[in-house]
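K.L.:
fold the following for me, if possible:
(2 chains)
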Amino acid sequence: MNCRSEVLEVSVEGRQVEEAMLAVLHTVLLHRSTGKFHYKKEGTYSIGTVGTQDVDCDFIDFTYVRVSSDELDRALRKVVGEFKDALRNSGGDGLGQMSLEFYQKKKSRWPFSDECIPWEVWTVKVHVVALATEQERQICREKVGEKLCEKIINIVEVMNRHEYLPKMPTQSEVDNVFDTGLRDVQPYLYKISFQITDALGTSVTTTMRRLIKDTLAL
Amino acid sequence: METDLNSQDRKDLDKFIKFFALKTVQVIVQARLGEKICTRSSSSPTGSDWFNLAIKDIPEVTHEAKKALAGQLPAVGRSMCVEISLKTSEGDSMELEIWCLEMNEKCDKEIKVSYTVYNRLSLLLKSLLAITRVTPAYRLSRKQGHEFVILYRIYFGEVQLNGLGEGFQTVRVGTVGTPVGTITLSCAYRINLAFMSTRTAGEDTGVTYPSVEDSQEVCTTSFSTSPPSQPAALGVGSADLAYPVVFAAGLNATHPHQLMVPGKEGGIALAPNQPTHGAQADQERLALYTPSDGAHCMATPSSSEDTETVSNSSEGRASPHDVLETIFVRKVGAFVNKPINQVTLTSLDIPFAMFAPKNLELEDADPMVNPPESPETESPLQGSLHSDGSSGGSNSNAHDDFVMIDFKPAFSKDDILPMDLGTFYREFQNPPQLSSLSIDIGAQSMAEDLDSLQEKLAVHEKNVREFDAFVETLQ
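P.N.:
Next comes the predicted model:
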């Protein structure tokens, strides 16, 4: 099975990084979350209800919709916050990317551990720009808002191609397809990672950078 | 074409399309109300949330949508359209968007109705939620209020895009293939926001509200994970519900309905004919008014209210000898029968002057102000009205409407200090104004200052060294 890969790029000011990333990630997860499954006898199941809520951005003229799940929101905010800090501390050109990967677990026989097979990866490349004047910042607010509108349209377009989605699992296999750990919604199994790109365009992790810096400092 | 579809599937599909159309209208209209939408997730299925999404149903909107559909479903050549337009307070209007739910002939015979189609319709609704926030009309709708409002209109039939101006853009929200055709949801939106004056005099946007229909048809679909060959338990209870069967030949466009959130920018407009029964709607989220009547203000209390005006003599606490006149017009509270027009008081800076005893004849009648047992000591801060340095004792000057009383500040003792607290207070209650603050003297000194500036500068320059030394001592 081929993993579907989608790449989005945004140029934002430093303080807009969090909101721009959250807007994109939440929009993707809105489409990739269902209500909680309740399995009944005879292999049938019913699905809970997903609520939604509007989120106004403070630094961008933009509003996005996310699923009403504080747990999910907290999890995303945590990792986006780490990404933002890593970008800020990188000292480079402000280039980085976050990846949201949806995967399925495939049980393997002992002693092998379960495989994680991605079926869809969303990559958001971020370029942080520094602006000098308030007028530029105001223009940036609007421009980034418009750009994000385009990104949302792109995401929706991909979602509605109705390409591969994992089959609905039986009760015993639901944890191989969905993240059942949240109380109120059930997204497909996902993981989020990020990378900071240095000026040369090669990807290094923050840890490596730190190690190298520390070594040189000696 | 439809022979492959069994009757149960056909029924289910029609129901799914019908409720999808109704939910689509709800999402679009709610996204143009001008406020943030928030619904809760629920881990237990409630049975009334179609497509497993918490989308509230505003009854008026459902009613309008059903009226437009008139028992039909979107089909080839028969699209359901939601038109979003803007109307200014002057009466100019402009179409902003047309959302179209269309059906074409491209069928997908293999698709499973009760499972795949349903889930894809759910996904399409989520996409609609996202897309309704990114078209230009969203930001406009968030700013609606006094200057303009956003209207919606639902119609069924051919899509009319003429009102969108030149160069309008289209965004496709998504498609879902079904055995009877492919459902497409798209939006055409205006990009040229230059105003066209299209005053429509006498446009009637008043709506008489229908009673709420008991049409919360229950969706209790459950899904089977067993292979298709085995029977699956589906659609509990849903087969018993029927569509309203109404035959109508091509509805004409109904008048636009206005969306306004009460409290938005201070304007609360209530329609004169609000539904009074069975309203399950979030009434606070939708209010209509008839613009021909002008904006209705929030209902005011029935008792008359006079505004309170306080005019003060311009010198403020200028001179101890000035008696300050205050014209005080009483504000009449609710349920009070007798409006009292004017009460003249002296000395603005007497707190609780309102409670001054008996000589204020107009206040006698009002028990709220003049409680029955109002002893003279009730207002301890009431002091001399003429603070011309008079000390001690009780001045029994009856000045205007006031009776002098002894000024006995709380906790003060007379016998310890030669000057007690009360005397002190009276003496220094109206201090003279600082001379430098009086306008004439101030102006004079300003003019003098300017004239003597040159000389002063010369003097200071001579003493530069002294200044520098001084500054160094500070550092």
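
K.L.:
can you name the next helix or strand after the helix or strand in which residue A:124 is found?
P.N.:
Secondary-structure assignment from DSSP states H and E places residue A:124 in strand A:115-129. Moving toward the C-terminus from strand A:115-129, the next helix or strand (DSSP H and E) is helix A:134-159.

K.L.:
buried residues of that next one, list them for me.
P.N.:
Neighbour-count burial for helix A:134-159, counted by 16 or more other C-beta atoms under 10 Å in any protein chain shown, picks out A:140-141, A:144-145, A:147-149, A:151-153, A:155-159. (Glycine included, C-beta is placed from N, CA and C.)

K.L.:
quick one: contacts for the nearest residue to residue B:175 once chain neighbours are set aside?
P.N.:
Among residues not flanking residue B:175 along the chain, residue B:184 sits closest, at 4.8 Å (C-beta to C-beta, 6 or more residues apart in numbering or on different chains). Residues counted as contacts of residue B:184 (C-beta atoms under 8 Å, 6 or more residues apart in numbering or on different chains) are B:100, B:101, B:102, B:103, B:104, B:172, B:174, B:175.

K.L.:
out of these, who's the most crowded?
P.N.:
Highest neighbour count within the contacts of residue B:184: residue B:101, with 25 neighbours (other C-beta atoms under 10 Å in any protein chain shown).

K.L.:
what is the burial count for the residue nearest to it when sequence neighbours are not counted?
P.N.:
Of all residues not flanking residue B:101 in the chain, residue B:80 sits nearest, at 4.4 Å (C-beta to C-beta, 6+ apart). Residues near residue B:80, counting by other C-beta under 10 Å, number 28.

K.L.:
what helix or strand is residue B:80 located in?
P.N.:
Residue B:80 belongs to strand B:79-88 when elements are defined using DSSP H and E.

K.L.:
average pLDDT for that strand, rounded please.
P.N.:
Average pLDDT, strand B:79-88: 94.

K.L.:
could you pull up the mean pLDDT of the strand or helix carrying residue B:456?
P.N.:
Per DSSP H and E, residue B:456 falls inside helix B:453-462. Average pLDDT, helix B:453-462: 88.

K.L.:
same thing with stretch B:152-161?
P.N.:
In this model, stretch B:152-161 has a mean pLDDT of 91.

K.L.:
for it, measure first residue to last.
P.N.:
End-to-end span of stretch B:152-161 (C-alpha to C-alpha, to the nearest Å): 15 Å.

K.L.:
now that stretch: buried residues?
P.N.:
Residues B:152, B:153, B:154, B:155, B:156, B:157, B:159, B:161 are the ones in stretch B:152-161 that count as buried (16+ other C-beta under 10 Å).

K.L.:
taking the stretch 101-250 of chain B, what residue is nearest to chain A?
P.N.:
Nearest residue of the stretch 101-250 of chain B to chain A: residue B:174, at 3.2 Å (C-beta to the nearest C-beta).

K.L.:
what's the nearest residue to that residue if we skip its chain neighbours?
P.N.:
Closest residue to residue B:174 apart from its sequence neighbours, by C-beta to C-beta, 6+ apart: residue A:160 at 3.2 Å.

K.L.:
now do the one you found against residue B:24, distance only.
P.N.:
14 Å (C-beta to C-beta, to the nearest Å).

K.L.:
give me the phi and psi for residue A:30.
P.N.:
Main-chain torsions, residue A:30, degrees, to the nearest 10: phi -60, psi -40.

K.L.:
correct me if wrong: it contacts residue B:125.
P.N.:
No: contact criterion C-beta atoms under 8 Å: residue A:30 and residue B:125 do not qualify, at 10.5 Å.

K.L.:
how far off strand B:79-88 does the longest strand seen in chain B point, in degrees?
P.N.:
If you go by DSSP state E, chain B has its longest strand at strand B:93-104. Strand B:93-104 and strand B:79-88 are oriented at 170 degrees to each other (axes from the mean of the first three to the mean of the last three C-alpha atoms, to 10 degrees).

K.L.:
strand B:93-104 packs against which elements?
P.N.:
If you count contacts as 3 or more C-beta pairs under 8 Å, 6 or more residues apart in numbering or on different chains; DSSP states H and E, strand B:93-104 packs onto helix B:7-30, strand B:79-88, helix B:136-142, strand B:181-189.

K.L.:
what's the most buried one of the ones you listed?
P.N.:
Mean neighbours per residue, mean count of other C-beta atoms under 10 Å in any protein chain shown, is largest over the helices and strands packed on strand B:93-104 for strand B:79-88, with a mean of 23.

K.L.:
what strands flank it, and is each parallel or antiparallel?
P.N.:
Neighbouring strands of strand B:79-88 in its sheet, by DSSP bridges, are strand B:93-104 (antiparallel), strand B:148-157 (antiparallel).

K.L.:
so the shortest one versus helix B:7-30, what angle?
P.N.:
Think strand B:148-157. For strand B:148-157 against helix B:7-30, the angle by the same axes, to 10 degrees is 160 degrees.

K.L.:
could you point out the helix or strand that follows strand B:148-157?
P.N.:
Per DSSP H and E, the first helix or strand lying C-terminal to strand B:148-157 is strand B:169-178.

K.L.:
and the helices in chain A, which stretches?
P.N.:
Counting by DSSP state H, chain A has these helices, from start to end: A:17-31, A:70-90, A:134-159, A:174-177, A:206-217.

K.L.:
and the third one, what does it pack onto?
P.N.:
Looking back up the chat, that one is helix A:134-159. Packed next to helix A:134-159, using 3+ C-beta pairs under 8 Å, 6+ apart, are strand A:4-13, helix A:17-31, helix B:118-131, strand B:169-178.

K.L.:
cutoff 6 Å now
P.N.:
Applying 3 or more C-beta pairs under 6 Å, 6 or more residues apart in numbering or on different chains; DSSP states H and E, we find helix A:134-159 packed against strand A:4-13, helix A:17-31, helix B:118-131.

K.L.:
tell me the pLDDT of the residue of chain A found nearest chain B.
P.N.:
Among all residues of chain A, residue A:160 sits closest to chain B, at 3.2 Å; criterion: C-beta to the nearest C-beta. We note a pLDDT of 91 for residue A:160 in this prediction.

K.L.:
ok, the one 3 residues further on next?
P.N.:
Here the pLDDT value assigned to residue A:163 is 85.

K.L.:
for it, grab the count of nearby residues.
P.N.:
Residue A:163 has 11 neighbouring residues, counting by other C-beta under 10 Å.

K.L.:
if the nearest residue to it once chain neighbours are set aside is in a bridge, with which residues?
P.N.:
Nearest non-adjacent residue to residue A:163, counting by C-beta to C-beta, 6+ apart: residue A:4, 6.2 Å away. Beta-bridge partners recorded for residue A:4 (DSSP bridges): residue A:120.
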